[in-house]
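Student: fold the stuff below for me.
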Amino acid sequence: MRMRSDKGSATAELAAGLPILVLFLGAGLTAVLAVTAQLRCVDAAREAARTQARGELGVTAGQRAAPGAAVEVSEDGEYVRARVSVRVRPLGDSLPSFIVSADAVAAREPAEGV
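Tutor: Numbers count the residues shown, from 1 in each chain. Here you go, the predicted model:
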């Protein structure tokens, strides 16, 4: 019996494995984008809650910390709660987007002179 030649098998294996490599690369890039957006949301929510607790506009501070994010600030007695949400678009508009959000709570600071 004659043995078959292995010529071209490496090319075929590369062609079969390349889409999987691209898929993993896209998933890794999406994970990095999501983590980066999450960190921006956490920082912006913390800044918005602290600013509102001092008696200033927390929404403005949150939007400054995370441009393009939706910032909601609510007050409940002694506490201020801020929620920052941002839409993550992995690889542009070719894939569906998802929303990442973060919450922060800060105790209201007493007014000056009181």
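Student: my read: Q38 touches F98, true?
Tutor: No. Q38 lies out of contact with F98 (CB atoms under 8 Å); the separation is 11.3 Å. To be clear about C-beta, it is placed using only N, CA and C from the backbone, and glycine gets the same treatment.
Student: out of the two, which sits in the more crowded spot?
Tutor: Q38 (15 against 12; other CB atoms under 10 Å).
Student: so what does whichever strand or helix holds that one touch, helix or strand wise?
Tutor: Assigned by DSSP states H and E, Q38 belongs to helix 9-53. If you count contacts as 3 or more CB pairs under 8 Å, 6 or more residues apart in numbering; DSSP states H and E, helix 9-53 packs onto helix 58-65, strand 70-76, strand 79-88, strand 98-107.
Student: could I get the ones you listed as TSV with mean pLDDT?
Tutor: As requested, the helices and strands packed on helix 9-53 are exported to TSV (pLDDT from 0 to 100):
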stretch	mean pLDDT
helix 58-65	90
strand 70-76	94
strand 79-88	96
strand 98-107	96
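Student: tabulate those (CSV), appending distance to V42.
Tutor: Formatted as CSV, the helices and strands packed on helix 9-53 follow (distance: least, CB to CB, whole Å):
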stretch, distance to V42
helix 58-65, 10
strand 70-76, 13
strand 79-88, 8
strand 98-107, 4
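Student: what's near enough to touch E109?
Tutor: Contacts for E109 (CB atoms under 8 Å, 6 or more residues apart in numbering) come out as A53, R54, G55.
Student: which of these are buried?
Tutor: Neighbour counting with 16 or more other CB atoms under 10 Å marks A53 as buried within these.
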